[in-house]
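Student: just to be clear, the model below is a prediction. Sequence and coordinates:
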Amino acid sequence: MNIQDFQAHSFTKFDKDWALLTAGTEGDCNSMTISWGGMGTIWNKPVVFLFVKPVRYTYEFVAKHDEITVSFYDEKYKKALGVFGSKSGRDTDKPKLAGLTPKAIPGGVTYEEAKETLVCKKLFMQQMDKDAIPEACQKAFYSMQGEAQSHCFVIAEVLEIQ
């Protein structure tokens with residue numbers, strides 16, 4: 001699919017539909033459900049904007065690899081995506097538990113069941129400054145025990161859409 005032809009409802013694609021962020025290589029990757037993100041343009045490149053907490057196992061893979069994928073699914077896979085958002089890949093075979101089939105593709109790993117996969121190259125990754133986050137958002141998202149660390153902001157260029 002031509003990147004410029006990709007159409008998505010920008011306020012629901014991540015928030016309501018969810019997606020899987022996958023980083024790593026075949027046999028050494030991890031995926032997590034993401035619901036915070038967006039798509040746009042920066043540095044004259046089509047990009048996705050993602051947010052990952054450093055406590056998540058997938059964060060280690062995103063930090064280590066420049067190639068990532070963001071995959072989207074039909075509604076019938078919402079329960080499977082819930083597994084990827086609630087279990088850790090440190091001690092769980094999430095794809096098996098969720099019933100999804102990993103699939104190696106040039107530039108990363110996705111799943112057979114994906115409706116669309118954005119093959120991306122990480123351009124930027126930085127911890128968000130918690131003091132710069134509005135106080136109401138700090139209280140809502142970072143005040144619980146174990147939630148003290150803010151998200152890491154990731155910008156990745158969309159190289160291809162499968």
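Tutor: It's in. Numbers count the residues shown, from 1 in each chain.
Student: would you mark the buried spots in stretch 124-136?
Tutor: Applying a neighbour-count criterion of 16 or more other C-beta atoms under 10 Å, one finds Met125, Ile133 buried in stretch 124-136. (Each C-beta comes from the backbone N, C-alpha and C, glycine too.)
Student: from the rest of the structure, what touches it?
Tutor: Here stretch 124-136 makes contact (C-beta atoms under 8 Å, 6 or more residues apart in numbering) with 51, 54, 62-63, 138, 142, 149-155.
Student: which of those residues has the weakest pLDDT?
Tutor: Lowest pLDDT of those: Gln149, 80.
Student: report the buried members of the contacts of stretch 124-136.
Tutor: Phe51, Val62, Gln138, Tyr142, Ser150, His151, Cys152, Phe153, Val154, Ile155.
Student: dump the residue contacts of Val70.
Tutor: With contacts defined as C-beta under 8 Å, 6+ apart, Val70 is in contact with Ala19, Leu20, Leu21, Thr22, Ile34, Gly37, Val48, Leu50, Thr117, Leu118, Cys120, Ala156.
Student: beta partners for it?
Tutor: Leu21, Leu118 (DSSP bridges).
Student: quick check: it vs Met144, distance?
Tutor: Between Val70 and Met144 the distance is 27 Å, computed by C-beta to C-beta, to the nearest Å.
Student: would you enumerate the residues in contact with the spatially most central residue of the chain?
Tutor: The centre of the chain sits closest to Leu21, judged by C-alpha atoms, centre = their mean, with a distance of 2.8 Å. Contacts for Leu21 were tallied using C-beta under 8 Å, 6+ apart; they are Ser31, Met32, Thr33, Ile34, Leu50, Val52, Thr58, Val62, Ile68, Thr69, Val70.
Student: nearest to Phe6, of those?
Tutor: Among these, Val70 lies closest to Phe6 (C-beta to C-beta), at 11.6 Å.
Student: and Lys96, its phi and psi?
Tutor: With angles defined as degrees, to the nearest 10, Lys96 sits at phi -60, psi -50.
Student: next one, pLDDT for it please.
Tutor: The predicted local distance difference test score for Lys96 is 95.
Student: do you know how far it is from Ala80?
Tutor: Distance, Lys96 to Ala80, by C-beta to C-beta: 11 Å.
Student: higher neighbour count, those two?
Tutor: Regarding Lys96 and Ala80, a neighbour count based on other C-beta atoms under 10 Å identifies Ala80 as having more, with 19 against 11.
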